[in-house]
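Asks: Structure for the following, please:
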Amino acid sequence: MKAHTLVIGAGIAGLQAALDLAEQGRQVVLVEKNPSIGGRMISLSKVYPTLDCASCITTPRMASVAHHPLIHTLTYTEVLGVAKNEDGTFRAHLRKKPRYIEEDKCIGCKRCEEVCPVYIRDDFEHQLGAKKAISIPFTNAIPQFPVLEPQSCTWCGACANACPVDCIDFTQESRDLFVEVDAVLLATGFQLTPIDAKAQYGGGKLRNVISSLQGERLLAPHGPYGRVLRPSDGKVPDSIAFVQCAGSRDASLGVPYCSRVCCMYAIKQAMLLSGSLPTADITIYYMDIRAFGKGYEAFYQNAKAMGINFVKAKVGRIREIEDGNLALRIERQEGTAQPEEAQHDLVILSLGLTPQWNPGQLAWEVKTASDGFVATPGAPLDPAATTQDGVFACGTATGPKDIVDSIMEAGNAATEVGKRLEIRAPMVPGGAS
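Replies: You can find the predicted model right below:
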């Protein structure tokens, strides 16, 4: 397979960059390791500071990418290697994992999902909900193809018997693909720090201590429960706490930097919870509030005006008490310094952002910075260029940032890739090169 550009990662930054390059008339191969494009943003409830629907922003871009004639999308595909050729082009080794269905036959009817008797935890819902052992990843996934989880399947054959087009293939295996491109764009995104990284908070053990992305799914109108309920017992929580810097600004975790978005997404979730649960007490325990973007300070002030409690305090530990409630040992940073305990029904940990993927494992010269994100030595004047000529990066591949900055960087990266392509593969009349 040959194309002008390989875009690795199909989150909001990768989608935007791929679209911009395709609008320049360039052929793009877009690779995504998950079964659907959309990245993290498609799982969010709303975005700050406008509180617009996250799906309403992401889904049109997903559809545009899926239908664009110059974008070839490879989902459920991993990048095994990228090597630079002597002529300055790149050769990428990809591996497409088996869905155990024939994609060219599947019509997305969901009959296989309906008849499957096996329920497993749903990764898209961050373990809060359940799905079938063969299922489409989520409602507005693109492409609308199911994935069979072989480790959970009982091989009963119900899905194969129900399929009207006979597309179930239990013998399907991974297949390797090779792509020749003139440029590579990294939009590999981020992952959250592990919820159990700070053992004193009980993440991963206490069921009512959840991550920020689990909080997003509770708030989403198409979330696992349809409304905000406590995971342990289905109770509507009366008192909710956010613990800031639960995975950032902590050298003991190897994350000494600020993740930039944690304060704002906690404030956003608190405001949405206040709307969903008007009588609930909502408290944010913070070290500093970093509202750095346009309209962010006003957003913070609006949250305080709504009655959300902001307590400048360090949370030392969280323990479970009667009825699944939680006791937080806190030390206020203003006023009295005596430790005290505060009780809440539900605690949301504001976890930090770390790199999703390490490009240093491939056969090229792309280096990472001290924080593990892709190094961009030309920033701020040339924020998309990496240490390897012909390889560019954008979004949270280069460091923690919000959605607005990720989209802006994607546009800049597409422009820089276009400049390189204009030299190496200039466009000719008719759009070909």
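
Asks: How is the protein partitioned into domains?
Replies: 5-96+174-189+356-424, 98-172, 193-353 (automatic domain parsing).

Asks: Return the most buried member of these.
Replies: domain 5-96+174-189+356-424 (a mean of 20; mean count of other C-beta atoms under 10 Å). Quick note: C-beta positions are derived from backbone N, CA and C, even for glycine.

Asks: Give me the sheet partners of the lengthiest strand in the chain and which way each runs.
Replies: If you go by DSSP state E, the chain has its longest strand at strand 309-320. With DSSP bridges as the test, strand 309-320 is paired with strand 281-286 (parallel), strand 326-332 (antiparallel).

Asks: can you tell me the helix or strand for residue 411?
Replies: Assigned by DSSP states H and E, residue 411 belongs to helix 403-424.

Asks: Give me the distance between that helix and the centre of its chain.
Replies: 21 Å (C-alpha atoms, centre = their mean, to the nearest Å).

Asks: So which elements touch that helix?
Replies: For helix 403-424, the packing partners by 3 or more C-beta pairs under 8 Å, 6 or more residues apart in numbering; DSSP states H and E come out as helix 12-23, strand 183-186, strand 391-393.

Asks: what residues does it touch?
Replies: Helix 403-424 has contacts (C-beta atoms under 8 Å, 6 or more residues apart in numbering) with 4-5, 11-17, 20-21, 24, 26, 41, 47, 88, 182-183, 185, 187, 293, 382-385, 390, 392-396, 398, 401, 433.

Asks: Then stretch 125-138?
Replies: 34-36, 42-43, 100, 108, 110, 112-113, 116, 118-122, 124, 144-149, 152-154, 159, 210-211, 213-214, 217-218, 223-225, 231.

Asks: any idea how far residue 306 is from residue 419?
Replies: Applying C-beta to C-beta, to the nearest Å, the value for residue 419 to residue 306 is 47 Å.

Asks: So, low pLDDT: which residues of the stretch 201-350 of the chain?
Replies: Within the stretch 201-350 of the chain, not a single segment meets pLDDT under 70.

Asks: Show me the helices in it, by range?
Replies: With helices called from DSSP state H, counting those that start in this stretch, the stretch 201-350 of the chain shows them at 212-219, 262-276, 296-305.

Asks: Just the C-alphas of the last one, formatted as CSV.
Replies: Extracted as CSV, the C-alpha positions of helix 296-305 are listed here (Å, rounded to 0.1, in the frame of the first residue of the first chain):
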residue,chain,number,x,y,z
TYR,A,296,-11.7,29.2,31.9
GLU,A,297,-11.6,31.6,34.8
ALA,A,298,-15.2,32.7,34.2
PHE,A,299,-16.1,29.0,34.1
TYR,A,300,-14.4,28.4,37.5
GLN,A,301,-16.2,31.4,39.0
ASN,A,302,-19.6,30.2,37.6
ALA,A,303,-18.9,26.9,39.4
LYS,A,304,-18.4,28.6,42.7
ALA,A,305,-21.5,30.7,42.2
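
Asks: okay, the angle between that helix and strand 281-286?
Replies: Between the axes of helix 296-305 and strand 281-286, defined by axes from the mean of the first three to the mean of the last three C-alpha atoms, to 10 degrees, the angle is 140 degrees.
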